[in-house]
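**Student:** coordinates only, sequence not included:
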C-alpha cells in the first residue's frame, strides 16, 4: 500500500511527518504517565536484554537499566523501563459516553478527570522488524510535549507489557534512545534500514483516576481514528490501567462496567490494529507460546502461570476469530478453550474446587458456538479445493463451494453472536479475576494446602502418567478399534497433548521430553486427519447434496476420502506404534539419560 502522503523515511533522528501537518493523527497504544513496576532482569545483562518475559509475581523497578535518565519525563533521556498492566473494553461509539456516568466510576473517581487530544505516529522499519519481534515504537504529541514509547508484548500474561518512555523534541523518533531496549540481534537491521512512519492515530481521551478498594485504576475513554494512507479505522474503547494494587482490580472494574452495557474485553493494541490496517491484513492468530516452568516451582504458582497463559492465548485469538478472514482465528480460539478446560481438569485432579465445574461449563458453552465455523473452514478452505483440483473432469464443485460458503457465513454469524453475548464477557472477565486473586485457594481444604505450596514436579509426573495410561488403554488393539472408539482415543490423546505442553518441563530429561512430545504430536496429527474426513461426511449429509447441482462433486469427495482413509491407515497404525513404544520422560529408563 502506498504511503507517500504519510510516510517519510527516518535514519537516526532525521525526518518524519510533522505532528500537525498531513495525516499525523491519533494515537494511544497504551498508557502514559507513571507505571506500576518492571520486569526483573539479570543485573549483569546489557540493556538489550530488557525485553524479556515478565513473571507476574516477580516484578520490580529496573531504572538502572536505562541510559542516563533525567529526573522526570520532562527532561532528556529515556524514562525507566516498566511494566504496563492494562485491559481494553471495546464499546459501541454511540454508547461510550454513557459509561462515564456509571455508579462505580462516580463513587471512586478522584475528580471529573482531564481531557486530552493525543496525536501519535507509529514507526517501524520497511521490513517491519519491530512488529515481527513483538515490539512497537511510537511518538505521541500531547499539547507541546512529545514522548517516545517502546513497548514489548508480554509472554503468557494477558495484562502485562514492557514499556519504556523518553521525552523527545519533536515527532521524529530518536533511534538512539530506543536502541537500549531493542534486542541486540535486531539493532544492525534497524540501524541499516532506518524507521518509517507506518500509520497515525488521533485520539480524544477523557481520563480519570479511580481509587478502588483493592487498587488504583486509571480509566481512559478513547475515541478517534487510526489512519494509514487512504485507509482509516475508528477507535472506541475504555482502557483500564493499574497504577497500584492487585491486577484483579482491573477485572473487577471491567465486570462492573459490563453490567452497564455491552463491552468486549481486548488486549489488542492500537499498534497491532494500525499495522493490520496499513497492510490490509486480518488480525493475527498465534499458536500458544511454550511454557517454561521451573522444575522447583510450587504447584500453586504453576497453576497460576498455566491459567494466565491460557487466558492470554484466548484473548489474543478473539479478534481474528471474530474477523473471520483467517481460519486460524477460530482454530486458535478453540485450542485456547480446550487448553483451558484441560487446565481446569489438572486442578480438579489436585482436589475438589467448587468453581471449576462452572468455569469448565462456560468454556465448553463458548467452544460449542465455534465448532461449526471451524468445520466449514476446513471443508471450504482445504478439503474442497484440494479434491476439486485433483478431479478437474467432475462438475459441480463451484456450486458446492457456493453452498458451503453460505453455511460458513452463517456459522461465523453465530460466532459473532456468541462472542458478543454478555455471558462470554462475564466468563472471560470472571476468569481473569479468579486467576489474579488465586480464587482456588479459598476452596482448598486445610489438609491439602501443603500440596499446593509444595513443588509441582511430583504432581506433574503423577498426572502425566495417569493420562498416558488412559491413552494406552484406549488404544489397545488399535487395528480393531471402531470409529467411535477411535474418536474417544483421539480425545484422550488431545488431552494428553495439552497436559504434556503444560507439565513436560517438570517431568524429566529434556531430550526424552522432546522425543515423547514429537511422537505424541505425530499421532495426534494422523488422528486429526482421520477425524476431519469423518466430519466432512457429516457436513455433506447435512447439505442434502443429492438434490444440488454439486451432487456429483459431493459424491467425488466422499469417494476420494474413503480411498484416502484406507490409504492413510498404515500411517495411522505406524504413528500409534511409534507413540506406544516411546518411553515417557518420567519413566525409569528415561531417568537413566540424566546419568553422565
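**Tutor:** Received, thanks. Note that the structure is a prediction, hence the values are computed from the model and not measured.
**Student:** how about the helices in the stretch 151-300 of the chain?
**Tutor:** Per DSSP state H, counting those that start in this stretch, the stretch 151-300 of the chain carries helices over the ranges 175-178, 187-193, 248-258, 270-279, 299-323.
**Student:** mean pLDDT for those helices - can I get that in CSV?
**Tutor:** Below are these laid out as CSV (pLDDT from 0 to 100):
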stretch, mean pLDDT
helix 175-178, 93
helix 187-193, 94
helix 248-258, 97
helix 270-279, 96
helix 299-323, 96
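**Student:** got the buried residues for stretch 264-283?
**Tutor:** Residues of stretch 264-283 classed as buried: 264-278, 283 (neighbour count, 16 or more other Cβ atoms under 10 Å). Every residue, glycine included, has its C-beta placed from N, CA and C.
**Student:** pull the most distant pair out of these.
**Tutor:** Greatest spatial distance among the buried residues of stretch 264-283 (Cβ to Cβ): 265 and 278, at 25.0 Å.
**Student:** quick check, residue 312 in contact with residue 161.
**Tutor:** No: assessed by Cβ atoms under 8 Å, residue 312 is found out of contact with residue 161, at 11.1 Å.
**Student:** who touches both of these two?
**Tutor:** Shared contacts of residue 312 and residue 161 (Cβ atoms under 8 Å, 6 or more residues apart in numbering): residue 154.
**Student:** return the helix or strand in this protein with minimum mean pLDDT.
**Tutor:** Lowest on mean pLDDT, DSSP states H and E among the helices and strands of the chain sits strand 9-10, with a mean of 36.
**Student:** helices or strands up against the helix or strand following that one?
**Tutor:** Past strand 9-10, further along toward the C-terminus, the next helix or strand under DSSP states H and E is strand 82-90. Other elements packing on strand 82-90 under the criterion 3 or more Cβ pairs under 8 Å, 6 or more residues apart in numbering; DSSP states H and E are strand 160-168, strand 231-245, helix 248-258, strand 264-266.
**Student:** I'd like to check the angle between strand 82-90 and strand 231-245, please.
**Tutor:** 120 degrees (axes from the mean of the first three to the mean of the last three Cα atoms, to 10 degrees).
**Student:** just the pLDDT for the nearest residue to residue 309 once chain neighbours are set aside.
**Tutor:** Computed as Cβ to Cβ, 6 or more residues apart in numbering, the closest residue to residue 309 that is not its neighbour in sequence is residue 156, at 4.1 Å. Predicted confidence (pLDDT) for residue 156: 77.
**Student:** residue 156: neighbouring residues, count only.
**Tutor:** 22 (other Cβ atoms under 10 Å).
**Student:** ok, it touching residue 308?
**Tutor:** Yes: with contact defined as Cβ under 8 Å, residue 156 counts as touching residue 308 (6.1 Å).
**Student:** show me where this structure has strands.
**Tutor:** Under the criterion DSSP state E, the chain contains strands at 9-10, 82-90, 114-124, 135-142, 145-152, 160-168, 195-212, 215-228, 231-245, 264-266.
**Student:** now, among the buried residues of stretch 264-283, which is nearest to residue 352?
**Tutor:** residue 265 (29.0 Å).
**Student:** relative to residue 310, how far out is that closest one?
**Tutor:** 15 Å (Cβ to Cβ, to the nearest Å).
**Student:** for residue 495, same thing?
**Tutor:** Counting by Cβ to Cβ, the separation of residue 495 from residue 310 is 14 Å.
**Student:** neighbour-wise, which of the two wins?
**Tutor:** residue 310 (29 against 18).
**Student:** surely that one and residue 339 touch.
**Tutor:** Yes: at 5.0 Å, residue 310 counts as touching residue 339 under the criterion of Cβ under 8 Å.
**Student:** between these two, what contacts are shared?
**Tutor:** Common neighbours of residue 310 and residue 339 (criterion: Cβ under 8 Å, 6+ apart): residue 288.
**Student:** just to check, residue 228 is in contact with residue 278?
**Tutor:** Yes: between residue 228 and residue 278 a contact is recorded at 3.7 Å, counting by Cβ under 8 Å.
**Student:** now the residue nearest to the spatial centre of the chain: closest residue in space that isn't a chain neighbour?
**Tutor:** Geometric centre of the chain, nearest residue: residue 316, 2.5 Å, by Cα atoms, centre = their mean. Excluding its sequence neighbours, the residue lying closest to residue 316 (Cβ to Cβ, 6+ apart) is residue 286, at 6.2 Å.
**Student:** do residue 205 as well
**Tutor:** Once flanking residues are discounted, residue 205 sits nearest to residue 116: 4.7 Å by Cβ to Cβ, 6+ apart.
**Student:** distance of that neighbour from residue 144?
**Tutor:** As judged by Cβ to Cβ, residue 116 and residue 144 stand 13 Å apart.
**Student:** and these two? which has more neighbours close in?
**Tutor:** Using other Cβ under 10 Å, the more surrounded residue of residue 116 and residue 144 is residue 116, with 16 against 6.
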